[in-house]
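Asker: Any chance you could fold what I've pasted below:
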Amino acid sequence: GITGKYGTRYGASLRKVIKKMEVSQHSKFFCDFCGKFSVKRVAVGIWNCKDCRKVVAGGAYTKATASSVTVRSTIRRLREAVEK
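Answerer: Coordinates of the predicted model:
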């Protein structure tokens, strides 16, 4: 797998955690602007869409962190409450 480069070093549980991070950081994510799965990680926290060339700040290993999802949903809920 992707953690085969570590061999038998560092223990199985640590290699499993690293595998989760490396798989997510190397996968493609959905672009909110052009609607395609073409967003890849450029550096830590920097995500670039190959098709529409938008650059987005995000998490280190995933495009959206758990806290950013929470904040976004809270802002949306509060905005809907104000509109009513």
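
Asker: Disregarding flanking residues, what is the spatial nearest neighbour of Ile18?
Answerer: Leaving aside its sequence neighbours, Ile18 sits nearest to Thr3 (CB to CB, 6 or more residues apart in numbering; 5.6 Å). (Glycine included, C-beta is placed from N, CA and C.)

Asker: Based on its surroundings, how many neighbours for that neighbour?
Answerer: By other CB atoms under 10 Å, the residues close to Thr3 number 18.

Asker: Equivalent analysis for the one 4 residues further on, please.
Answerer: Each residue near Gly7 was counted by other CB under 10 Å, and the total is 8.

Asker: One more: the one 3 residues further on?
Answerer: By the criterion of other CB under 10 Å, Tyr10 has 12 neighbours.

Asker: Geometric centre of this protein: which residue is closest?
Answerer: Compute the mean C-alpha point of the chain, and by CA atoms, centre = their mean the closest residue is Thr62, 1.6 Å away.

Asker: so the residue nearest to Ile18 makes contact with Met21?
Answerer: No: with contact defined as CB atoms under 8 Å, Thr3 does not count as touching Met21 (10.0 Å).
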